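>>> structure for the following, please:
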Amino acid sequence: MKRLVILAVLAMTWWCVPAFGAESIRILRNGEEVRLSQGILRQDGTLMMSIQDLAELTESELRQEDSVTAFGYRMKEGPVVLEYEQTATLAGDVVYDCQHRKIPLAGKIIRNDEGIYLPARTIANALGYTVKWSRAEGVETFSVERPVMPRITLDVVYDKEEQRVTGTIWNREPQTFKYGDDFIVERMTAEGWERMREAEPRDINGIGYGMNSLWDGLSDGQSTYTRRLYYALPAGKYRIGIPFTFDYEGAMSEESLREFLWDAFELYTMEDLKKLLQEDIAEYRKGKTPDDLWSMRFTLQLIYSTQWGNMAFYFTGADSKPEYHTSTYYILYGEFEVE
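You can find the predicted model right below:
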């Protein structure tokens, strides 16, 4: 308690802002309360947290070298792992995201004897978290939601005689993704998963197979992946990993969307485009061929991606610019056993 009082005095004397203890405001991560080790400062209405508490809140590893402080974590959910680490880096008085873009700070950095305090929303957003603030019955709540991972799974069958793995990929997203011809092989050891064979992620762009997506009434999102191993696997537990990427056109305006598609759409509104797509889907369900489906798939996905609404799905942060193109790399794992 004495520590919190000292923080309050420092805040009021040096920055003219009130200080709060962790018990004065509810801090939630994915709906569960998080207890912070240090106090929270408020600067011109902005909630400031210590770098240690921000690392705890965002489940990040905190690394410090000279004047550079970095938050970093690699997201994993089920069989999908984020290939590259998500980072937010403080260098001097500037914060950069994982793509080395400068992130505007909502307030000044606070440095005192207790450590460094940064705007909580800025850092959480830079790490891909969605941030919300609310007040109900006199209680303030600051909550963060972890980025959503793609809903994709991989079922694997291993043929020992043919030394071949066959996987069934289920893509439950209404967007396709690209994967390459290469893959990872790992085996379970007493120390955890050991990588036996590395993949070359660049093959995603070099080859770029398109994975089916889930579209109700159009596609079930199922695809088959077959590759041969050039050596026999001894008995044990294994998994293969397929590097893949989503290419995403973010939240375009109607004018940019029409320009991006083709000039013939320049007189259509977004609602007109949706109506045309609904008519195309209705016609397809009456008996059009698969070729007709593929002819409109690109437009379907583009319309959907611009309507997504949760930018954190693609790990770009909730405050990203309204128009941009990004690619996010993942690895999809599927486990199997060899007797």
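>>> you'd agree Pro234 is up against Met196?
No. With contacts counted by Cβ atoms under 8 Å, Pro234 stays clear of Met196, the gap being 10.9 Å. C-betas here are computed from N, CA, C, even on glycine.
>>> who's more crowded, those two?
For Pro234 versus Met196, neighbours defined as other Cβ atoms under 10 Å are more numerous around Met196 (13 against 8).
>>> just the pLDDT for the more buried one.
On pLDDT, Met196 comes in at 92.
>>> is it true that it touches Glu186?
Yes. Using Cβ under 8 Å, Met196 is in contact with Glu186, at 6.3 Å.
>>> chain center to stretch 64-79: distance?
Centroid separation between stretch 64-79 and its chain, computed with Cα atoms, centre = their mean, to the nearest Å, is 14 Å.
>>> quick one: end-to-end length of it, please.
Taking Cα to Cα, to the nearest Å, stretch 64-79 runs 31 Å from one end to the other.
>>> again, but for stretch 189-198
Stretch 189-198: ends 17 Å apart by Cα to Cα.
>>> relative to the whole chain's centre, how far out is it?
Distance, centroid of stretch 189-198 to centroid of chain: 25 Å (Cα atoms, centre = their mean).
>>> quick check: buried residues in that stretch?
For stretch 189-198, the buried set under the neighbour-count rule, 16 or more other Cβ atoms under 10 Å, comprises Trp193.
>>> got it, and stretch 228-245?
Result for stretch 228-245 [16+ other Cβ under 10 Å]: buried residues Leu229, Leu233, Tyr238, Arg239, Ile240, Gly241, Ile242, Pro243, Phe244, Thr245.
>>> gap between the two ends of it?
Counting by Cα to Cα, you get 22 Å between the two ends of stretch 228-245.
>>> surely Gln43 is in contact with Ile109?
No. The pair Gln43 / Ile109 is not scored as a contact, 9.7 Å apart, by Cβ under 8 Å.
>>> thinking again about what came up before, now distance to Asn171 and secondary structure too, for the buried residues of stretch 228-245, in JSON lines please.
Converted to JSON lines, the buried residues of stretch 228-245 look like this (distance: Cβ to Cβ, whole Å; DSSP: H, G, I helix; E, B strand; the rest coil):
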{"residue": "Leu229", "distance to Asn171": "24", "secondary structure": "coil"}
{"residue": "Leu233", "distance to Asn171": "27", "secondary structure": "coil"}
{"residue": "Tyr238", "distance to Asn171": "23", "secondary structure": "strand"}
{"residue": "Arg239", "distance to Asn171": "18", "secondary structure": "strand"}
{"residue": "Ile240", "distance to Asn171": "17", "secondary structure": "strand"}
{"residue": "Gly241", "distance to Asn171": "16", "secondary structure": "strand"}
{"residue": "Ile242", "distance to Asn171": "11", "secondary structure": "strand"}
{"residue": "Pro243", "distance to Asn171": "15", "secondary structure": "strand"}
{"residue": "Phe244", "distance to Asn171": "9", "secondary structure": "strand"}
{"residue": "Thr245", "distance to Asn171": "13", "secondary structure": "strand"}
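>>> which of those sits closest to Tyr96?
Using Cβ to Cβ, Thr245 comes nearest to Tyr96 of the buried residues of stretch 228-245, at 22.1 Å.
>>> just the pLDDT for the closest one.
Listed pLDDT for Thr245 reads 84.
>>> what does Thr306 give?
On the pLDDT scale, Thr306 gets 52.
>>> and Arg29, bridged to which residues?
Note on Arg29: beta-bridge partners by DSSP bridges are Glu32, Val144.
>>> quick one: it from Lys275, how far?
41 Å (Cβ to Cβ, to the nearest Å).
>>> the two - which one has more neighbours?
Applying other Cβ under 10 Å to Arg29 and Lys275 shows that Arg29 carries more neighbours, namely 18 against 12.
>>> what sits against Lys76?
Residues near Lys76 by Cβ atoms under 8 Å, 6 or more residues apart in numbering: Leu82, Met149.
>>> pLDDT weak spots in the stretch 51-200 of the chain?
Residue ranges of the stretch 51-200 of the chain with pLDDT under 70: 106-107.
>>> now the phi/psi pair for Ile204, please.
Note on Ile204: backbone dihedrals following degrees, to the nearest 10 are phi -60, psi -50.
>>> list the contacts of it.
Taking Cβ under 8 Å, 6+ apart as the test, what Ile204 contacts is Lys178, Tyr179, Gly180, Pro243, Phe244, Thr245, Tyr329.
>>> could I get the full set of helices for the protein?
For the chain, helices defined by DSSP state H occupy the ranges 2-10, 51-57, 120-126, 203-207, 254-261, 270-285, 290-306.
>>> and stretch 98-113, how far apart are its ends?
Using Cα to Cα, the end-to-end distance of stretch 98-113 comes to 29 Å.
>>> excluding its backbone neighbours, what's nearest Leu28?
Excluding its sequence neighbours, the residue lying closest to Leu28 (Cβ to Cβ, 6 or more residues apart in numbering) is Ser143, at 3.8 Å.
>>> one step back: nearest to Ser134, of the buried residues of stretch 228-245?
Taking Cβ to Cβ as the measure, Ser134 lies nearest Thr245 of the buried residues of stretch 228-245, at 35.3 Å.
>>> please name the bridge partners of that closest one.
Counting by DSSP bridges, Thr245 is bridged to Lys178, Tyr329.
>>> my guess is it meets Ile331, correct?
No. If you go by Cβ under 8 Å, Thr245 and Ile331 don't touch, sitting 10.4 Å apart.
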